[in-house]
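Enquirer: with the sequence up front, the predicted model follows.
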Amino acid sequence: MPFMDLIKKAIFEEEPQAAQQQTAKQVSNPAAATRSIDPAPAAYVPMGTRDNQFYTRLAKQTDLSAVPELAKIEAYAAPLTSVITDKALRYKAALATAQSQGGLTKDAILKGFDALLTVLNSSATTFNKQTDEVSRTEVDAKIAQIGDINDAIQQKQKEITDLQQQVKSMQSQTEVSRSKLQEAKNNFAAALERRRAEIQQQRKEFETILG
């Protein structure tokens, strides 16, 4: 299997446990399941990472609608859009209603954002663990093969020319594998920081809105 296909297969094979647990919770208002929280400001969409496959998966894992508290406040705020145009006033009114009818609190909403950041951290841990495993099976395995071939060269001088050519070829493959692995790590790091910044910005916005 090609090197990058191994990375794609290994990374995010399973949703982080925290994301699974949050998604499993039921929102008390069924309408909330069909609504999503306001998207992050355009300033948090760096050029070159818009189509990053890692970011797309991270965004899916940390979708605000998967957090019951965030979905609930949106469910209460959405019907007020045409009545209260000011976003801050609309969400304050929504929170007041949610507090009286559903027991929702400002702290619960802010903790919802903290939960999403926890999911991101879990994804980062999983990614690093799985890329290390790919490295061991791909890069380290080739390095070990190179050592075996070098030993064979010493024992079979008549085959030294062919064996040395094999070594050069495998060294080249190893460098390519390392380069692709580093590229994958860089792309993941960019996606991780982008999504973290978006969530932190949205958290600050809700903290300001909700007073």
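Expert: Yep, it's here. These numbers were taken from a predicted model, which means no experiment stands behind them.

Enquirer: thought A75 was touching S65, still the case?
Expert: No: assessed by Cβ atoms under 8 Å, S65 is found out of contact with A75, at 9.7 Å. In short, each C-beta sits where N, CA and C put it, glycine included.

Enquirer: of the two, which one has the most company?
Expert: Neighbours were tallied for S65 and for A75 using other Cβ atoms under 10 Å; the higher tally belongs to A75 (23 against 17).

Enquirer: what separation is there between the more buried one and E175?
Expert: 53 Å (Cβ to Cβ, to the nearest Å).

Enquirer: what about the residue sitting nearest the centre point of the chain, distance to F188?
Expert: In the chain, the C-alpha nearest the mean C-alpha coordinate belongs to L58, at 2.6 Å (Cα atoms, centre = their mean). Going from L58 to F188 by Cβ to Cβ gives 8 Å.

Enquirer: so how many other residues sit close to D162?
Expert: D162 is flanked by 10 other residues according to other Cβ under 10 Å.

Enquirer: quick one: what helix or strand has it in it?
Expert: Using DSSP states H and E, D162 falls within helix 160-209.

Enquirer: now that helix: average pLDDT?
Expert: Mean per-residue pLDDT for helix 160-209: 89.

Enquirer: by contact count, what packs against it?
Expert: helix 3-10, helix 53-61, helix 87-102, helix 106-135, helix 141-155 (3 or more Cβ pairs under 8 Å, 6 or more residues apart in numbering; DSSP states H and E).

Enquirer: for the longest one, buried residues please.
Expert: Put plainly, it is helix 106-135. Under the neighbour-count criterion of 16 or more other Cβ atoms under 10 Å, helix 106-135 has 106, 108-113, 115-116, 118-120, 122-124, 126-127, 130-131, 134 buried.

Enquirer: what's the mean pLDDT across that helix?
Expert: Here the average pLDDT along helix 106-135 is 90.

Enquirer: can you lay out the helices and strands packed on helix 160-209 as CSV showing distance to F206?
Expert: Formatted as CSV, those follow (distance: least, Cβ to Cβ, whole Å):
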stretch, distance to F206
helix 3-10, 34
helix 53-61, 18
helix 87-102, 7
helix 106-135, 6
helix 141-155, 48
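
Enquirer: how far does the helix holding D162 sit from the chain's center?
Expert: Remark: helix 160-209 is offset 13 Å from the chain centroid, using Cα atoms, centre = their mean, to the nearest Å.

Enquirer: between it and helix 141-155, how big is the angle?
Expert: 160 degrees (axes from the mean of the first three to the mean of the last three Cα atoms, to 10 degrees).
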